[in-house]
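*Asks:* Sequence first, then the predicted structure:
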Amino acid sequence: MKTVCVMGLGYIGLPTASVLATNGYKVLGVDVGARVVETVNLGNIHIEEPGLHTVVKAAIGSGNLRASLQPEKADVYFIAVPTPLTHDKKADMHFVCQATEQIVPYLEEGNLVILESTSPPGTCRDLLKPILEQSGLRVGEEIHLAHCPERVLPGKILKELIENDRVIGGYDETSAQKAREIYASFVEGHIFLTDVTTAEMVKVIENTFRDVNIALANEIALLCEKLGIDFGDVARLANRHPRVNVHTAGPGVGGHCISVDPWFLVEQFPETARIIRLARECNDGMPAHVTRRILAMLEGVKDPKAAVLGLAFKGNVDDMRESPALEVIRLLHVEGVRVSVHDPYVKNSPIELEALDACFAGADCIALLTDHNDYKYLNPRQVAKQMRKTVLFDTRNILDHKEWCAAGFQVKVLGSGR
Ligand code: SAJ
């Protein structure tokens, strides 16, 4: 098992392909984007992720990693393509199907196919197996199939790829054992073997668990606003209990995972997955709440302008997929507010981004929507000079509010009724 083909060179596929290549495997990375293939072949990266450029450069330099638009024969195939939602909140499996269909002509007896993409429980058994068997080879007999869901946190991908425990679901025992062999070459965490459907459910549940907990935090934040108290104090003090872990409230849940995966269960089991649906709706409602609070701050202002800090879905990453900031900006536009947006990380944004000075110039309020570290180093006195009205709305509760108050700002915090 020495040659590997990784389908998809995104946030998961590219780090996985590079780490495999630096661990002695001959790896071909396949992507549908010609620009992605070209960039990787030059040893460069098309996504922002700490440490990734160094590993890709080393992998390409060693000759063990190449990128191409087409797959080739290999011992092991990884499928690491997106599983987004359709507009009606159903799992869109067409990238997974396409990537699987693409490898069918190259399959040979003894090959192993590993699905890394987060997928609805039942995907390997009901969707992948029939496609793979178009090769004439039987899954579980002549070819092997496993699900090993990725678990890495954007911003810490390389560390977590190596250090996190992994769950491997095998279509059968041999598939699981073969998949373990390849992961054991670079994973330092524990590796747990189970069946494919359990592994699929484990992954979806991990993200659902987080979504439900964030929804609870957001609901508590709304209650605190009504009570005229501070969510930050409530969460900090409640978390002194040994079995309580209130999560962080914020403007909503973004990214390609947590805001997506719980819907897979709602789609499959609409009658049963009730808490899961409610949590999704609660988190999806946060941008509208944030917008209402911004509008209240701008009430009475003629031709108001809001300075939005952060477009990415969370701090210190360039990823704006499903970012709550996008929805807040859209809603503010609908209400006739002029919006000026800054983000130090995001590239190729469909929304025009501005430099900090242009963003603050003549603004009537600042809405901090993403917890990028850069924003902690802003000088509130300098910022105040540029603005028309000095109001700050910190939806992530990350700034030094005393300092901003001292610079003349009226400071509002999400989850605080004070
Ligand atoms: N967020 C909150 N409050 C919190 C935690 C997060 O509002 O207490 C928000 C963030 O601002 C962000 C969103 O939730 O908008 C999601 O961010 P995240 O850091 O929780 O997670 P992701 O989407 O970057 O990565 C998650 C991780 N899953 C879990 O922690 C269970 C990661 O391990 C997965 O590999 C990844 O999803 C994935 O690809 O599935």
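*Replies:* Done, it's in.
*Asks:* Just list what the longest helix anywhere in the chain packs against, helices and strands only.
*Replies:* Counting by DSSP state H, the longest helix found in the chain is helix 196-227. Counting contacts by 3 or more C-beta pairs under 8 Å, 6 or more residues apart in numbering; DSSP states H and E, helix 196-227 packs against strand 144-147, strand 166-170, helix 231-238, helix 261-268, helix 274-284. (Glycine included, C-beta is placed from N, CA and C.)
*Asks:* Out of the ones you listed, which is the most enclosed?
*Replies:* The highest average neighbour count among the helices and strands packed on helix 196-227, using mean count of other C-beta atoms under 10 Å, belongs to strand 144-147 at a mean of 28.
*Asks:* Okay, strands next: where are they in the protein?
*Replies:* 3-7, 26-30, 65-68, 76-79, 112-115, 144-147, 166-170, 191-195, 305-309, 338-342, 365-368, 391-394, 410-413 (DSSP state E).
*Asks:* What lies in contact with the fourth one?
*Replies:* Just to be clear, that refers to strand 76-79. The set of residues external to strand 76-79 that reach it, using C-beta atoms under 8 Å, 6 or more residues apart in numbering, is 1, 3-8, 13, 16-17, 71, 96, 99-100, 103, 107, 111-117, 182.
*Asks:* out of those, which are buried?
*Replies:* 4-8, 13, 16-17, 71, 96, 99-100, 103, 107, 111-117, 182 (16 or more other C-beta atoms under 10 Å).
*Asks:* how about the nearest residue to residue 47, chain neighbours excluded?
*Replies:* Sequence neighbours aside, residue 11 is the residue nearest to residue 47 in space, at 6.1 Å (criterion: C-beta to C-beta, 6 or more residues apart in numbering).
*Asks:* wait, that neighbour sits on residue 154?
*Replies:* Yes. Counting by C-beta atoms under 8 Å, residue 11 touches residue 154, with 6.2 Å between them.
*Asks:* re earlier: tell me the contacts of the residue nearest to residue 47?
*Replies:* Residues in contact with residue 11 (C-beta under 8 Å, 6+ apart) are 47, 49, 154, 157, 256, 319.
*Asks:* Need the phi and psi values for the closest residue to residue 414 other than its chain neighbours.
*Replies:* Nearest residue to residue 414, sequence neighbours excluded (C-beta to C-beta, 6+ apart): residue 395, at 4.2 Å. The phi and psi torsions at residue 395 (degrees, to the nearest 10) take the values phi -80, psi -10.
*Asks:* which residues touch residue 395?
*Replies:* 250-251, 290, 367-369, 413-414.
*Asks:* Just give me the closest of those to residue 229.
*Replies:* residue 413 (11.5 Å; C-beta to C-beta).
*Asks:* Report the beta-bridge partner residues of that closest one.
*Replies:* Residue 413 has these beta-bridge partners by DSSP bridges: residue 394.
*Asks:* Relative to the ligand, how far out is it?
*Replies:* In this view, residue 413 and the ligand are 14 Å apart by C-beta to the nearest ligand atom, to the nearest Å.
*Asks:* burial of that residue, as a residue count?
*Replies:* When counting by other C-beta atoms under 10 Å, one arrives at 25 neighbours for residue 413.
*Asks:* surely it meets residue 230?
*Replies:* Yes. Residue 413 is in contact with residue 230 according to C-beta under 8 Å; the separation is 7.3 Å.
*Asks:* Please name the nearest non-neighbouring residue to residue 270.
*Replies:* Nearest to residue 270 is residue 277, by C-beta to C-beta, 6+ apart, at 7.6 Å.
*Asks:* can I see the domain layout of the chain?
*Replies:* 3-196, 286-413 (automatic domain parsing).
*Asks:* Around the ligand, pick out the residues from this structure.
*Replies:* 118, 150-154, 206-207, 210, 214, 217, 247-248, 250, 253-255, 257-258, 313-314 (C-beta under 6 Å from any ligand atom).
*Asks:* For the residue most central in space within the chain, which non-adjacent residue is spatially closest?
*Replies:* With distances taken as C-alpha atoms, centre = their mean, residue 255 lies nearest the centre of the chain, 3.5 Å away. In space, and not counting its chain neighbours, residue 255 is closest to residue 313: 4.6 Å by C-beta to C-beta, 6+ apart.
*Asks:* Next up, the contacts around the closest residue to residue 290 other than its chain neighbours.
*Replies:* Spatially, and ignoring its direct neighbours in sequence, residue 290 is nearest to residue 251 (4.6 Å; C-beta to C-beta, 6+ apart). Residues counted as contacts of residue 251 (C-beta under 8 Å, 6+ apart) are 286-287, 290, 324-325, 328, 369, 395-396, 414.
*Asks:* which of those has the most neighbours?
*Replies:* Neighbour counts for the contacts of residue 251 peak at residue 369, which has 32 neighbours (criterion: other C-beta under 10 Å).
*Asks:* isn't that one right up against residue 309?
*Replies:* Yes. Using C-beta under 8 Å, residue 369 is in contact with residue 309, at 6.5 Å.
*Asks:* Need the overlap of contacts for these two.
*Replies:* In contact with both residue 369 and residue 309: no residue, using C-beta under 8 Å, 6+ apart.
*Asks:* coming back round to it: minimum distance to residue 35: which of the helices and strands packed on helix 196-227 has it?
*Replies:* Short answer: helix 261-268, nearest of those by C-beta to C-beta, at 28.0 Å.
*Asks:* So which elements touch that closest one?
*Replies:* Using 3+ C-beta pairs under 8 Å, 6+ apart, helix 261-268 is in contact with helix 196-227, helix 274-284.
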